[in-house]
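Trainee: Provide a 3D model corresponding to the input given below.
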Amino acid sequence: MKYRLPVVSGRFYPSSPELLRNELAQYFASVDEANIQAEISPKALIVPHAGYYYSGTVAAYAYTYLKNLNQPIDRVILLGPSHQFPLQGCAVPSHDVFVTPLGEIPVDRAACEHLLELGLVHEEDKAHNWEHSLEVQLPFLQSRFNYFKILPITVGAVQPDQISKILKTLLKPSTALSQDSITQVDLLNTLIIISTDLSHYHNYEKAQFLDADTVAAILHLDPSLQPQDACGYFALNGFLRFCKCNSWQIQLVNQANSGDIDGLPESKKEVVGYASFIAY
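Mentor: Numbering: from 1, shown residues only. You can find the predicted model right below:
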């Protein structure tokens with residue numbers, strides 16, 4: 001068995017299981033339940049991946065919607081950017097298990113091998129060993145589900161259609177579909193997570209302006225986001241294309257930036273934007 005150990009515990013989130021559970025509970029407690037629409041069962045979440053101090057509450061709003069699921073989840077597809085490794089295309093790891101302070105999560109090796117055989121991804125541990133964009137989602141998922149497998153995919157330079165093909169393959173692997181058709185997919189007890197932050201290191205007012213445009217593009221399923229809009233734009237563009245082809249809807253559930261956390265003038269000179277969405 002090959003284990004991928006946590007690399008940002010103790011920095012992005014607590015390394016102590018007890019402290020981590022308590023911190024997650026605080027984020028979920030901060031969610032205004034009156035704004036959670038009980039009739040919506042999400043098929044996917046778009047969530048930020050900063051340190052929990054900055055983006056934990058924003059992420060918790062989306063993860064709260066998982067209580068509305070109308071089917072059990074036994075697999076989570078994770079798509080996020082590669083911050084530490086210059087990646088072309090999409091990469092899966094060779095690991096069998098990802099580890100967090102809350103325990104072990106098995107990797108869906110069969111799905112990894114299927115994508116590798118089709119040439120839709122390649123295997124590259126360097127794109128996973130030090131990457132935080134997927135890791136920070138795992139404790140949130142562990143707080144919601146007792147058991148699940150993950151399919152972790154880091155996404156580098158890739159066309160939106162490539163992500164659509166990956167999702168089509170994973171969600172309807174046993175049914176022959178034409179190359180230009182990805183309608184009526186079967187989720188097969190699978191949840192999709194798209195990990196991305198929004199604009200980076202602008203002043204507070206400019207960030208609000210830029211992020212408003214990005215949020216509007218996401219809500220309109222516009223797959224033309226650029227690196228200045230969102231760090232996970234490659235995966236996000238592909239997911240938006242997929243949503244449009246399948247007539248999925250996206251709803252914004254919470255938004256903030258790092259300048260909102262402290263509220264001090266000094267903290268608003270260079271901020272990072274965060275938003276969470278549900279797709280259904």
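Trainee: for the closest residue in space to S267 that isn't next to it in sequence, phi and psi?
Mentor: Excluding its sequence neighbours, the residue lying closest to S267 (C-beta to C-beta, 6 or more residues apart in numbering) is G259, at 5.2 Å. Where C-beta positions appear, they are placed from N, C-alpha and C, glycine not excepted. Reported as degrees, to the nearest 10, the phi and psi values for G259 are phi -70, psi -20.
Trainee: need the contact list for G259.
Mentor: 204, 207, 267-268, 271 (C-beta atoms under 8 Å, 6 or more residues apart in numbering).
Trainee: which intervals of the chain have sub-threshold pLDDT?
Mentor: For the chain, applying pLDDT under 70 flags the ranges 173-186.
Trainee: quick one: furthest residue from the center of it?
Mentor: Most distant residue from the mean C-alpha position of the chain: P265, 30.2 Å away (C-alpha atoms, centre = their mean).
Trainee: next one: phi and psi at it?
Mentor: phi -50, psi -40.
Trainee: ditto for P152
Mentor: Recorded main-chain torsions at P152 are phi -80, psi 120, according to degrees, to the nearest 10.
Trainee: about what we covered before: OK, contacts around the residue farthest from the centre of the chain?
Mentor: Applying C-beta under 8 Å, 6+ apart, no residues qualify as near P265.
Trainee: repeat that for 10 Å
Mentor: P265 is in contact with 204, 259, counting by C-beta atoms under 10 Å, 6 or more residues apart in numbering.
Trainee: kindly report the same for the one 10 residues further on.
Mentor: A275 makes contact with 46-48, 55, 58-59, 61-62, 196-198, 211-212, 214-215, 218, 230, 252-257, according to C-beta under 10 Å, 6+ apart.
Trainee: again, only this time at 6 Å
Mentor: A275 is in contact with 198, 215, 255, counting by C-beta atoms under 6 Å, 6 or more residues apart in numbering.
Trainee: look at it and give its secondary structure.
Mentor: Secondary structure assignment for A275 (DSSP: H, G, I helix; E, B strand; the rest coil): strand.
Trainee: tell me what it is bridged to.
Mentor: For A275, the beta-bridge partners under DSSP bridges are Q255.
Trainee: for L116, see how far away it is.
Mentor: Between A275 and L116 the computed distance is 32 Å (C-beta to C-beta, to the nearest Å).
Trainee: same deal with S15?
Mentor: In terms of C-beta to C-beta, S15 sits 33 Å off from L116.
Trainee: kindly report the same for G259.
Mentor: 42 Å.
Trainee: that older thread, the contacts of G259: which two are farthest apart?
Mentor: Across the contacts of G259, the longest distance by C-beta to C-beta is 11.9 Å; it joins A207 and S267.
Trainee: show me which of those two is the more surrounded one.
Mentor: Shown here are A207 and S267; by other C-beta atoms under 10 Å, A207 has more neighbours (22 against 15).
Trainee: who touches the helix or strand harbouring that one?
Mentor: Assigned by DSSP states H and E, A207 belongs to helix 204-219. Here helix 204-219 makes contact (C-beta under 6 Å, 6+ apart) with 198-199, 229, 250, 252, 257, 259, 268, 271, 273, 275.
Trainee: recalculate using a threshold of 7 Å.
Mentor: For helix 204-219, the surrounding residues in contact (C-beta atoms under 7 Å, 6 or more residues apart in numbering) are 198-199, 202, 225, 229-230, 240, 250, 252, 255, 257, 259, 268, 271, 273, 275, 277.
Trainee: what's the ChimeraX line that selects buried ones from the residues you listed?
Mentor: Buried residues among the contacts of helix 204-219 (16 or more other C-beta atoms under 10 Å), as a ChimeraX selection:
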select :198,199,202,225,229,230,240,250,252,255,257,259,268,271,273,275,277
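Trainee: out of the contacts of helix 204-219, list just those in strands.
Mentor: Secondary structure from DSSP state E places 202, 250, 252, 255, 257, 271, 273, 275, 277 of the contacts of helix 204-219 in strands.
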